[in-house]
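>>> Okay, here's the prediction I keep looking at, along with the sequence it came from:
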Amino acid sequence: MGQEALLLFFALAARVKAPADGDGGWSQGAEFSLKDEGPCNIDIRDLTSLTHGEFLQQYAYTRPLIIRGITDNTRFRFLCSRASLLSEYGDRTVRLSTANTHSYSKVDVPFEEFVEFLLTPQDVSTLGSETLYFFGDNNFTEWHSLFKEYKAPTFTLPNTSPAYSFGIAGPGTGVPFHWHGPGYSEVIYGRKRWFLYPPDKGPEFHPNRTTLNWLTEWYPTLGIHERPFECTIRPGEALYFPDRWWHATLNLDTSVFISTFLG
């Protein structure tokens, strides 16, 4: 798909700019966002209405959950603004991975180059192996001053400790279906759409096709009983995914996000 087709796709999906306020400056250079947030069939609970015991009994080992207000990351959010990150880390080298199920290629670039030139909307026909994605390969020594300000979700699992993965991605990007251990994903800026299946009900997908491609071509063919658990999370919300659950993500805007893996 060429540039004109790409622009048409995003225009049809909805040609909307991210809000001028509260976007941390990340709408700059990313004119297009995806409007369709899709349905939500995942429980959403407020921290004030959920105890740790209820979390362990009802969700931790059996199904995903979205928790609102689980952390107060006002300070971390401020430090994750575009201007703040470029000022602090612009000349640092970051490692990008290809966005396919079995990620192979790694590319090292200055963080400023990634933000200015590579943080662009996803082409629906682009292969995952051709898409560079900043997530997970963080140098914790260089990024320590940022990560130490992050307040992880307070509901943990017994005998686990948290490990963080920080990411920034353009609209239409995402990671196709894969699975690993349990954890949380919190959006700092933007919106992220999630699709999840339990371990015994693996989805049909091509490991080198993007989530955007799967949503466009595969998702409409699914019967009602083949549909995934799904929802779009926004800043202030954290999605919990249990152990070995298949999941894929789609960034609807330029998104800044962090995952807490419980291992």
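Structure received. Numbering: from 1, shown residues only.

>>> CA only for contacts and neighbour counts going forward, please
Fine.

>>> can you map out the strands along the stretch 101-250 of the chain?
Ranges of strands in the stretch 101-250 of the chain, per DSSP state E, counting those that start in this stretch, are 106-110, 132-135, 162-169, 183-189, 192-197, 229-233, 237-241, 246-251.

>>> Among those, single out whichever gets nearest to P39.
Closest approach to P39 among these (C-alpha to C-alpha): strand 229-233, 6.2 Å.

>>> other SSEs contacting that closest one?
Using 3 or more C-alpha pairs under 8 Å, 6 or more residues apart in numbering; DSSP states H and E as the contact test, the elements touching strand 229-233 are strand 192-197.

>>> Helix or strand: which one has F78?
Secondary-structure assignment from DSSP states H and E places F78 in helix 74-79.

>>> I'd like to check which residues are in contact with P242.
P242 makes contacts with Y59, A60, Y61, T62, R63, P64, G181, P182, G183, as judged by C-alpha atoms under 8 Å, 6 or more residues apart in numbering.

>>> list the contacts for the fourth one?
Same thing as T62. Shown in contact with T62 (C-alpha under 8 Å, 6+ apart): P242.

>>> ditto for the second one
Listed by C-alpha under 8 Å, 6+ apart, the contact set of A60 reads L157, F241, P242.

>>> Between those residues, which sits nearest D91?
Closest approach to D91 among the contacts of A60 (C-alpha to C-alpha): F241, at 34.1 Å.

>>> and the closest one, what are its bridge partners?
Legend: beta-bridge partners of F241 under DSSP bridges are G183.

>>> Run a quick check on it versus E186, I expect a contact.
No - shown here, F241 and E186 do not form a contact pair, counting by C-alpha atoms under 8 Å, at 11.5 Å.

>>> Kindly reformat the strands of the stretch 101-250 of the chain as a markdown table containing distance to V175, mean pLDDT and mean neighbour count.
Listed next are these as a markdown table, based on distance: least, C-alpha to C-alpha, whole Å; pLDDT from 0 to 100; neighbours: other C-alpha atoms under 10 Å:
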| stretch | distance to V175 | mean pLDDT | mean neighbour count |
| --- | --- | --- | --- |
| strand 106-110 | 15 | 90 | 13 |
| strand 132-135 | 9 | 85 | 23 |
| strand 162-169 | 10 | 92 | 18 |
| strand 183-189 | 13 | 97 | 24 |
| strand 192-197 | 10 | 98 | 24 |
| strand 229-233 | 15 | 98 | 21 |
| strand 237-241 | 15 | 97 | 25 |
| strand 246-251 | 5 | 96 | 24 |
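
>>> right, so of those strands, which gets closest to G38?
strand 229-233 (6.9 Å).

>>> Okay, now the sheet partners of that closest one, with direction.
Using DSSP bridges, the strands paired with strand 229-233 in its sheet are strand 192-197 (antiparallel).

>>> Off-centre distance for the partner strand?
Using C-alpha atoms, centre = their mean, to the nearest Å, we find the averaged C-alpha position of strand 192-197 to lie 9 Å away from the chain's own average C-alpha position.

>>> Could you number the chain from 72 rather than 1 from now on?
Let's use 72 as the start, then, which means that last one is strand 263-268.

>>> what's the helix or strand for the residue located most distally from the centre of the chain?
Checked against the mean C-alpha position of the chain, the extreme residue using C-alpha atoms, centre = their mean is G124, at a distance of 27.1 Å. Secondary structure here is read from DSSP H and E; on that basis G124 sits in helix 123-129.

>>> ok, N144 - how many residues close by?
By other C-alpha atoms under 10 Å, 17 other residues sit near N144.

>>> isn't Y204 right next to V165, touching?
No - between Y204 and V165 there is no contact, the gap being 10.5 Å when judged by C-alpha under 8 Å.
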